[in-house]
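**Q** fold the following.
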Amino acid sequence: MHGSPIQIKSIDTEIVYRVSGEGPAVVLLHPFPANHEFWLPIAEALAARYRLILPDLRGHGDSGVGEGPATMGKHAADIAAVMDHAGVGRAPLTGVSIGGYALFEFWRRHRVRVTAMALCNTKPTADTPDARASRLQAANDVLERGTEPFFESMVPRLLGETTRGARPDLVAGALRMMKKMSPEDVAQVQRGMAERPDSVETLKTINVPTLVVTGDEDILTGRNEAELMHRHISASELCVIAKAGHYSPWEQPEAVGVVLRDFLDRTRNC
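**A** Down below sits the predicted model:
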């Protein structure tokens with residue numbers, strides 16, 4: 001369903017991406033601590049009419065983490081490098097969770113390259129001091145104890161109650177993606193997220209068609225965060241996916257696939 005891995009150099013590490021489908025390009029950015037496979041359940045709905053660019057973000061999947069924290073600035077540079085390599089000048093970009101954080105930074109640096117955006121299960125606010133401290137603590141803990149306890153603790157936060165009860169295959173698949181990350185990967189990605197700037201003011205500058213998606217069981221970035229983004233982005237629409245947590249495209253690929261495909265079809269000529 002997805003192409004073979006393509007490896008490129010970006011700043012201080014190797015970034016890997018895949019390409020699937022044919023048509024106008026669309027860039028899909030996965031959440032932490034997943035990788036490009038997160039999008040495969042949806043890819044079938046999109047690849048018949050779009051060329052999907054599926055990077056593994058720095059520190060995730062097959063991509064290296066580089067030196068020091070994986071900051072939003074580095075992620076944005078990596079995305080630009082992938083687009084350059086794939087021959088994509090301008091395109092719609094979709095980001096889930098950390099993919100959304102990276103997309104805010106990409107917008108600040110490269111807005112002319114964004115024709116539309118979908119912000120899924122993400123938030124514009126920076127970490128509170130407590131959230132930042134707990135991220136930095138988690139980074140230290142994985143280096144000391146390994147990733148297993150951390151990933152197990154993430155499952156009930158990332159996947160909705162419905163998914164955990166009814167879809168053990170999706171839980172297992174999420175854990176399989178997570179386990180591609182080393183302790184060093186997790187630590188540097190967490191440190192990078194802890195440093196991310198607040199993007200609430202950035203929302204007001206977004207003037208391309210924007211789709212905001214959340215899950216009705218998302219306890220990390222739920223409806224309040226989605227409504228905040230919808231309120232501040234003038235050209236935005238909001239969609240709440242039923243029976244979905246923080247990984248809504250993974251948990252409800254058919255529902256999110258229909259919404260995303262409809263949005264992309266309507267904004268194709270922007």
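**Q** contacts, neighbours, all on C-alpha from now
**A** Will do.
**Q** now stretch 100-112 - C-alpha only, PDB.
**A** C-alpha atoms of stretch 100-112 as PDB (Å, rounded to 0.1, in the frame of the first residue of the first chain):
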ATOM      1  CA  GLY A 100       0.300  19.800  14.400                       C
ATOM      2  CA  TYR A 101       2.900  21.400  16.600                       C
ATOM      3  CA  ALA A 102       5.400  21.000  13.700                       C
ATOM      4  CA  LEU A 103       2.800  22.400  11.300                       C
ATOM      5  CA  PHE A 104       2.400  25.600  13.300                       C
ATOM      6  CA  GLU A 105       6.200  26.100  13.100                       C
ATOM      7  CA  PHE A 106       6.200  25.200   9.400                       C
ATOM      8  CA  TRP A 107       3.500  27.800   8.800                       C
ATOM      9  CA  ARG A 108       5.600  30.500  10.600                       C
ATOM     10  CA  ARG A 109       8.600  29.700   8.400                       C
ATOM     11  CA  HIS A 110       7.100  28.500   5.100                       C
ATOM     12  CA  ARG A 111       3.500  29.600   4.800                       C
ATOM     13  CA  VAL A 112       3.800  30.100   1.000                       C
END
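**Q** buried ones in that stretch?
**A** Gly100, Tyr101, Ala102, Leu103, Phe104, Glu105, Phe106, Trp107, Arg108, Arg111 (16 or more other CA atoms under 10 Å).
**Q** and what of stretch 240-255?
**A** Neighbour-count burial for stretch 240-255, counted by 16+ other CA under 10 Å, picks out 240-253.
**Q** inside strands: which ones of the residues you listed?
**A** Among these, DSSP state E puts Val240, Ile241 in strands.
**Q** redo the buried residues of stretch 240-255 as CSV? Include pLDDT and distance to Arg58.
**A** Shown next, in CSV, are the buried residues of stretch 240-255 (pLDDT from 0 to 100; distance: CA to CA, whole Å):
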residue, pLDDT, distance to Arg58
Val240, 98, 29
Ile241, 98, 28
Ala242, 98, 30
Lys243, 98, 30
Ala244, 98, 26
Gly245, 98, 24
His246, 98, 20
Tyr247, 98, 19
Ser248, 98, 22
Pro249, 98, 21
Trp250, 98, 20
Glu251, 98, 23
Gln252, 98, 25
Pro253, 98, 24
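**Q** which pair of the buried residues of stretch 240-255 spans the longest distance?
**A** Maximum pairwise distance in the buried residues of stretch 240-255, criterion CA to CA, is 14.5 Å, between Val240 and Trp250.
**Q** on that earlier part again, out of the buried residues of stretch 240-255, which sit inside helices?
**A** If you go by DSSP state H, the buried residues of stretch 240-255 have Ser248, Pro249, Trp250, Glu251, Pro253 in helices.
**Q** and the residue nearest to the last one when sequence neighbours are not counted, how far from Leu52?
**A** By the measure of CA to CA, 6 or more residues apart in numbering, the closest residue to Pro253 outside its immediate chain neighbours is Ile42, 5.2 Å from it. Distance of Ile42 to Leu52, given as CA to CA, to the nearest Å: 11 Å.
**Q** pLDDT below threshold where in this protein?
**A** Scanning the chain with the threshold set as pLDDT under 70 gives 1-2, 270.
**Q** and stretch 153-168, which residues are buried?
**A** Neighbour-count burial for stretch 153-168 flags Pro156, Arg157, Leu158, Leu159, Gly160, Glu161, Thr163, Arg164 (criterion: 16+ other CA under 10 Å).
**Q** wait, which of the residues you listed is closest to Lys204?
**A** Taking CA to CA as the measure, Lys204 lies nearest Leu158 of those, at 28.0 Å.
**Q** and the residue nearest to that closest one when sequence neighbours are not counted, what does it touch?
**A** In space, and not counting its chain neighbours, Leu158 is closest to His246: 4.9 Å by CA to CA, 6+ apart. Residues counted as contacts of His246 (CA atoms under 8 Å, 6 or more residues apart in numbering) are 97, 121, 157-160, 214-215, 217-222.
**Q** give me the more crowded residue out of Ile42 and Leu52.
**A** More neighbours surround Leu52 than the other of Ile42 and Leu52, with 24 against 21 (other CA atoms under 10 Å).
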